[in-house]
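S.K.: Got a predicted model here, sequence first, then my questions.
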Amino acid sequence: MSTLRITYRKSAIGYAWDQKATLVALGLRRMHQTVEHEATPAIRGMVFKVRHLVSVDGVAADSPEGMALLARAAAEEAEVGA
């Protein structure tokens, strides 16, 4: 299982309460804080929900490179599970 390094890169002020709660659930409490999580479907879903506020492995999660990285993690998990 691969590991994702998730960094809080943009303030959640002005965004919905559920997005703020998702950041807290990921363990992100301060700007520029980085946490590591296994690339499980639940974690990838949370990152997808707040992709405009975080970066994954140093790449903005809402960029094409970031989306490809998340897709690659999903494919890797499917390969291990099969």
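M.R.: Yes, it's here.
S.K.: Tell me who's in contact with residue 9.
M.R.: The neighbourhood of residue 9, defined by CB atoms under 8 Å, 6 or more residues apart in numbering, consists of 31-32, 53-55, 60. Any C-beta I mention is one placed from the backbone N, CA and C, and that applies to glycine too.
S.K.: Which helix or strand contains the residue most central in space within the chain?
M.R.: Here the mean C-alpha position of the chain is nearest to the C-alpha of residue 47 (CA atoms, centre = their mean), at a distance of 2.9 Å. Element membership for residue 47, per DSSP states H and E: helix 41-49.
S.K.: what stretches of the protein score poorly on pLDDT?
M.R.: Residue ranges of the chain with pLDDT under 70: 1, 81-82.
S.K.: for the contacts of residue 9, which one is nearest residue 77?
M.R.: Residue 77 lies nearest to residue 54 out of the contacts of residue 9, by CB to CB, at 19.4 Å.
S.K.: Let me see the contact set for that closest one.
M.R.: Residue 54 makes contacts with 6-10, 23, 26, 28, 47, 61, as judged by CB under 8 Å, 6+ apart.
S.K.: Compute the distance between it and residue 65, please.
M.R.: Counting by CB to CB, to the nearest Å, the gap between residue 54 and residue 65 amounts to 14 Å.
S.K.: repeat for residue 58
M.R.: Counting by CB to CB, the separation of residue 58 from residue 65 is 10 Å.
S.K.: correct me, but residue 73 touches residue 45?
M.R.: No: the pair residue 73 and residue 45 fails to qualify as a contact (CB atoms under 8 Å) at a distance of 11.8 Å.
S.K.: higher neighbour count, those two?
M.R.: More neighbours surround residue 73 than the other of residue 73 and residue 45, with 23 against 11 (other CB atoms under 10 Å).
S.K.: Next up, identify which helix or strand that one is on.
M.R.: Applying DSSP H and E, one finds residue 73 within helix 64-81.
S.K.: Same question for residue 11.
M.R.: Counting by DSSP H and E, residue 11 is found in no helix or strand.
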